[in-house]
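Q: Structure, please.
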Amino acid sequence: MKKQICLLAFLCLVIFPLSLFAQERATPRRGEGISTFLERHHRSGMRYQKSFIELNRKKLGKNETLKLGVSYVLPPLREKQRSDVQSDASSTKARSKKSTFNEPLFGKASAHVKPTSTRLRNACFYVVSGHGGPDPGAIGKVGNRELHEDEYAYDIALRLARNLMLEGAEVRIIIQDAKDGIRDEPYLSNSKRETCMGDAIPLNQVKRLQQRCDKINAHYRVDRKQYRYCRAIFIHVDSRSKKQQTDVFFYHSTQKADSKRLANTMKDTFESKYDKHQPNRGFSGTVSGRNLFVLSHARPTSVFVELGNIQNSFDQQRFVMSSNRQALAKWLTEGFLKDAAQ
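A: You can find the predicted model right below:
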């Protein structure tokens, strides 16, 4: 009897620590609450939240807040979620093998995409147009018509996403409008339909930016195991004095050398295009490092692009002419191609 008790005690001492060691742990990022933190690790819903609180009650802050730098135990994945996570990787592989596919976000006329090259077959991109939903961003005027930043940034983002897909890339379109698609008219109608991959976009700026970073990071966690080259791009339109004409300029993360290289490659690409198509004009676009929220919080190497001054009549031609919007998307694509080849 004593031998059996001793053996049982020994097994408890061995198995119990091993079970703790096998538990999955993770640390939160700045600004994350429990629900966002768990969603990033594929554990959404109240059932996971309650389990998480029970497992980590002593480590939580006031009002059950997360503490930076603390390692928390994650609730075990239920079998369905585990298979969903695994299927994400499988569907990504399957899609990359398709010769053609359909993307409704591009609109009926452009939805059918047949890749014309495989130069970016090992690449994955996160294309993010600025603002959206309740926030139109900067607003310019041409006569009695308003130009909303979010609409023009979105149209160029869709064109870029499609170009990247034609080169064989996997593309995550983070900000989405189920109705608009790629549009060729000069004056794009305004709406508040945009979502962050199906989720309503909050008006609060920090929450809005955190939401899109969370979406990117959740995908990147899986994508980085499948693709050699993963990059995010944030597309915006600037607002300055009506008299101030600006060229496209780029911001990079101050913490990542690859981000700086990407921004410089983009700038060099645009400069060469201007030298070719407008040799007497010159190009004054710039590159600079900024500690912008999305550049700091998005995990993939990223670049932030300002496409011009929406208040300036010359820059406005860059946006209202669909051929110019397509050229911007084409040149951004070429910048990615050059960077990926380095």
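Q: residue ranges with poor pLDDT in the protein?
A: For the chain, applying pLDDT under 70 flags the ranges 1-22, 30-31, 79-98.
Q: Show me how the record splits it into domains.
A: What automatic domain parsing lists as the domains of the chain is 2-77, 87-341.
Q: so which of the ones you listed is the most packed in?
A: For the domains of the chain, the largest average neighbour count (mean count of other CB atoms under 10 Å) is found in domain 87-341, namely a mean of 18. C-beta: built from backbone N, CA, C; applies to glycine.
Q: so how far is it off the chain centroid?
A: On the basis of CA atoms, centre = their mean, to the nearest Å, domain 87-341 sits 9 Å off its chain's mean C-alpha point.
Q: wait, doesn't residue 167 sit right on residue 122?
A: No. Between residue 167 and residue 122 there is no contact under CB atoms under 8 Å: 11.0 Å.
Q: so how far does stretch 60-72 reach from one end to the other?
A: 9 Å (CA to CA, to the nearest Å).
Q: how far is that stretch from where the chain is centred?
A: For stretch 60-72, the distance to the chain centre is 26 Å (CA atoms, centre = their mean).
Q: Give me the contacts around it.
A: 25-28, 30, 32-34, 37, 52-53, 55-56, 59 (CB atoms under 8 Å, 6 or more residues apart in numbering).
Q: wait, what's in contact with the nearest residue to residue 283 once chain neighbours are set aside?
A: Leaving aside its sequence neighbours, residue 283 sits nearest to residue 274 (CB to CB, 6 or more residues apart in numbering; 4.0 Å). Counting by CB under 8 Å, 6+ apart, residue 274 touches 247, 281, 282, 283.
Q: Let's see that with 10 Å instead.
A: 247, 248, 281, 282, 283, 284, 285, 331 (CB atoms under 10 Å, 6 or more residues apart in numbering).
Q: mind checking the SS state of the first one?
A: In other words, residue 247. Assigned with DSSP: H, G, I helix; E, B strand; the rest coil, residue 247 falls in the coil class.
Q: was I right about it contacting residue 305?
A: No. Between residue 247 and residue 305 there is no contact under CB atoms under 10 Å: 11.4 Å.
Q: any common contacting residues for the two?
A: Contact criterion CB under 10 Å, 6+ apart; residues shared by residue 247 and residue 305: 270, 285.
Q: Ramachandran angles for the residue nearest to residue 145 when sequence neighbours are not counted?
A: Excluding the flanking residues, the one nearest residue 145 by CB to CB, 6+ apart is residue 187, at 5.0 Å. Per-residue torsions, residue 187: phi -110, psi 110 (degrees, to the nearest 10).
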